[in-house]
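Participant: fold the following, please.
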Amino acid sequence: MRAWSGLAGAATLAILVGCASRVSGDAASAGGSDQAGLVATGREVAVRECASCHAIDQEMISPRPGAPPMRTLVSRYDPEMLANDLIEGVRVGHDEMPFFDFNIAAADSLIAYLKSIDRDRLE
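Facilitator: Next comes the predicted model:
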C-alpha cells in the first residue's frame, strides 16, 4: 500500500475525513434519527411490539409473568447481536416469543431505547 506523505497526502486525508464525517452526520440526522429521535421511535416500537408481555420502562412490572423487563435486556444480551437477531427474524428469548419483522431502522431505534432505560447504565 502506498503511504500518503507531504502536504498533498495530508490534504487528501483531511478531505476524506471531512466527507466521511459529513456522510455519517447526514445519515444520523436523516429521517429524524438523531439520538433523541431514535429513543422516541424505539419507545413507540416497544409500546407496539413488546408492552403486552414486557415492562417497557424503568419502573413497570412485566404484564406476563416471567417476561424480563426491557430495562434489563441490554445487560443480558449484546445489543448488536440482539438487533441482528431481530432483523434476521431469529426468535429471541423463548419458544413462545412471537416472530417480528424488524427492519434496520426499527431494530436500531429499539436498541437505542433499551440502552436509554437500561438500569445498569443508569446507576
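Participant: quick one, what contacts C53?
Facilitator: S62, P63, R64, A67 (Cβ atoms under 8 Å, 6 or more residues apart in numbering). In short, each C-beta sits where N, CA and C put it, glycine included.
Participant: any idea whether the first one is helix, strand or coil?
Facilitator: Assigned by DSSP: H, G, I helix; E, B strand; the rest coil, the conformation of S62 is coil.
Participant: show me the contacts for it.
Facilitator: Counting by Cβ under 8 Å, 6+ apart, S62 touches C53, H54, A55, P68, P69.
Participant: in PyMOL, select just the buried ones from these.
Facilitator: Typed into PyMOL, the line below selects the buried ones among those, using 16 or more other Cβ atoms under 10 Å:
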select buried, resi 53+54+55+68+69
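Participant: now, which of the contacts of S62 sits nearest D95?
Facilitator: C53 (13.6 Å; Cβ to Cβ).
Participant: what are the phi and psi values at the closest one?
Facilitator: phi -120, psi -40 (degrees, to the nearest 10).
Participant: secondary structure element for F99?
Facilitator: Following DSSP states H and E, one finds F99 outside all helices and strands.
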